[in-house]
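**Q** below is the structure, and that's it, no one-letter string:
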């Protein structure tokens, strides 16, 4: 990974961690999306995992992060879910995870690399889509994700926190795909 990309990742992570804030979290007063806007809901566990989702493109079966775009979403789950907003038609993926409070892991970005796969999805305009749920487990010096579907849990979350969106959620399509690495280099930090 080139030094500019590495410095950018760690600097943005440090700012987020220091201020205990998130990027792209949708407010509870959110209204149904316009035709050029999309909401995505993702289950995340455990609650101490800070997920970062970027937009990008899929080329030759590999997700390539848009290196000049800001993160679409970065933050920890609320009641097991994150709700983010993007422009309709974007392709997104979980590009890194920061584990907070894991005794054997540093609180620094963990990036899927090598042949590790990450969750990627398209966000169709005018829709609220549930893209799946991911559970991260610490193994050695890394994280191992497992995936499941919990559309009913996503509906319950929306009913509690975003009532105007609860009846609109649809099951979206996602794929497990190799990530070209942050900045599209295909290398590990």
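**A** Noted; the coordinates are in hand. Because the structure is predicted, anything quoted here is derived from the model rather than measured.
**Q** grab the most central residue of the protein for me.
**A** residue 53 (3.4 Å; CA atoms, centre = their mean).
**Q** nearest residue to it in space, please, no chain neighbours.
**A** residue 73 (4.4 Å; CB to CB, 6 or more residues apart in numbering). All C-beta atoms are positioned from the backbone trio N, CA, C, and that covers glycine.
**Q** any low-confidence regions in this protein?
**A** The chain contains residues with pLDDT under 70 at 1-22, 106, 113, 181-189.
**Q** which residues of it fall in strands?
**A** 37-45, 49-59, 62-65, 73-75, 81-87, 90-99, 117-123, 127-139, 142-148, 169-171, 174-179 (DSSP state E).
**Q** nearest to residue 23, out of these?
**A** strand 73-75 (4.3 Å; CB to CB).
**Q** pull the distance from that closest one to the chain's centre.
**A** Remark: strand 73-75 is offset 7 Å from the chain centroid, using CA atoms, centre = their mean, to the nearest Å.
**Q** same for it, what does it pack against?
**A** Packing contacts for strand 73-75, counted by 3 or more CB pairs under 8 Å, 6 or more residues apart in numbering; DSSP states H and E, involve helix 3-19, strand 49-59, strand 81-87.
**Q** now do 10 Å
**A** helix 3-19, strand 37-45, strand 49-59, strand 81-87, strand 90-99 (3 or more CB pairs under 10 Å, 6 or more residues apart in numbering; DSSP states H and E).
**Q** just want the angle from the third one to strand 127-139.
**A** I take that to be strand 49-59. Orientation check (axes from the mean of the first three to the mean of the last three CA atoms, to 10 degrees): strand 49-59 against strand 127-139 gives 120 degrees.
**Q** also the second one?
**A** What separates the directions of strand 37-45 and strand 127-139 is an angle of 30 degrees, with the same axes, to 10 degrees.
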